[in-house]
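A.B. asks: need a structure here:
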Amino acid sequence: MKSSPAFLLAPPLPTQEAEDPWPFAAHGCVRSRDDVTLASLPRAHYRSALEIGGAIGLLTEKLQARCDALLSVETSDSAQARAIHRCRHLSHVRFQRMNVPERYPEQTFDLTLVSGRGAYWSLPELALAQQRILEHLEPGGHLVLVHWTGQARDMRCSGHEVHDSFRRLTPRRLHHLRGELEGTWRLDVFERL
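C.D. replies: Model prediction:
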């Protein structure tokens, strides 16, 4: 894995009362992380993408330019309201309040992006998420994971645990294309076999 000091700030803890439960817009590290994430995509364009953990839509707004259709799912009402407002002019972007892996969209995707959300899953939820992601990721489709590698009070596993659990699915179910450790963020890109 490549390592560089590009991302230095830890993500803030969400709060129920805040209009923006994660003040992502104020953190340059997240904008940098999003740029690295987009640069890591193996294809220039995707037919149908799923973003798990869309938050306030900062990455959603950038990712949409690379997709014919994009579904962004989020558990926080206030964060998703901000994302919907941010992307209101983008007719090919849809939003759904959904707690993955408890629920999962029915369609298939050629790109699935899990940005930070996996660290809030328990180990059984992580196993279920893997199953559902693989069931709905088309052969040859790409899975991108990007997570903070630190630990916060409300996280149920570390970013490393999330990424390592998917690495264990290679080479039988996934092919690992790229791995980077950028400061306190880890990114891995996989292709569905």
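
A.B. asks: Run through this protein and note the low-pLDDT ranges.
C.D. replies: Scanning the chain for pLDDT under 70 picks out 1-31.

A.B. asks: ok, longest strand in it?
C.D. replies: Ordering each strand of the chain by length in residues (DSSP state E) puts strand 137-148 first.

A.B. asks: packing partners for that strand?
C.D. replies: Applying 3 or more Cβ pairs under 8 Å, 6 or more residues apart in numbering; DSSP states H and E, one finds that strand 137-148 contacts helix 28-40, strand 109-115, helix 159-167, strand 185-192. To be clear about C-beta, it is placed using only N, CA and C from the backbone, and glycine gets the same treatment.

A.B. asks: Please identify the deepest-packed of the ones you listed.
C.D. replies: strand 109-115 (a mean of 25; mean count of other Cβ atoms under 10 Å).

A.B. asks: Is W148 in contact with G116, as I believe?
C.D. replies: Yes: taking Cβ atoms under 8 Å as the definition, W148 is a contact partner of G116 at 6.5 Å.

A.B. asks: Remind me which helix or strand the closest residue in space to E51 that isn't next to it in sequence belongs to.
C.D. replies: Residue nearest to E51 in three dimensions, not counting chain neighbours: S72, with 4.4 Å by Cβ to Cβ, 6 or more residues apart in numbering. Take DSSP states H and E as the rule and S72 turns out to sit in strand 67-74.

A.B. asks: relative orientation of that strand and strand 109-115 in degrees?
C.D. replies: Counting by axes from the mean of the first three to the mean of the last three Cα atoms, to 10 degrees, strand 67-74 lies at 40 degrees to strand 109-115.

A.B. asks: How far away from the center of its chain is strand 67-74?
C.D. replies: Chain-centre distance of strand 67-74: 11 Å, with Cα atoms, centre = their mean, to the nearest Å.

A.B. asks: Which positions in that strand come out as buried?
C.D. replies: C67, A69, L70, L71, S72, V73, E74 (16 or more other Cβ atoms under 10 Å).

A.B. asks: my guess is the last one contacts A83, does it?
C.D. replies: It refers to E74. Yes: under the criterion of Cβ under 8 Å, E74 makes contact with A83 at 6.8 Å.

A.B. asks: contacting residues around stretch 150-165?
C.D. replies: Residues outside stretch 150-165 that contact it (Cβ atoms under 8 Å, 6 or more residues apart in numbering): 10-11, 13-14, 114, 118-123, 125-127, 130, 145, 147-149, 179, 184-186, 188.

A.B. asks: Narrow the residues you listed to those that are buried.
C.D. replies: 11, 14, 114, 118-121, 125-126, 130, 145, 147-149, 179, 184-186, 188.

A.B. asks: would JSON lines of the buried residues of strand 67-74 with distance to M155 be doable?
C.D. replies: Output for these, formatted as JSON lines (distance: Cβ to Cβ, whole Å):
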{"residue": "C67", "distance to M155": "28"}
{"residue": "A69", "distance to M155": "31"}
{"residue": "L70", "distance to M155": "26"}
{"residue": "L71", "distance to M155": "25"}
{"residue": "S72", "distance to M155": "21"}
{"residue": "V73", "distance to M155": "19"}
{"residue": "E74", "distance to M155": "17"}
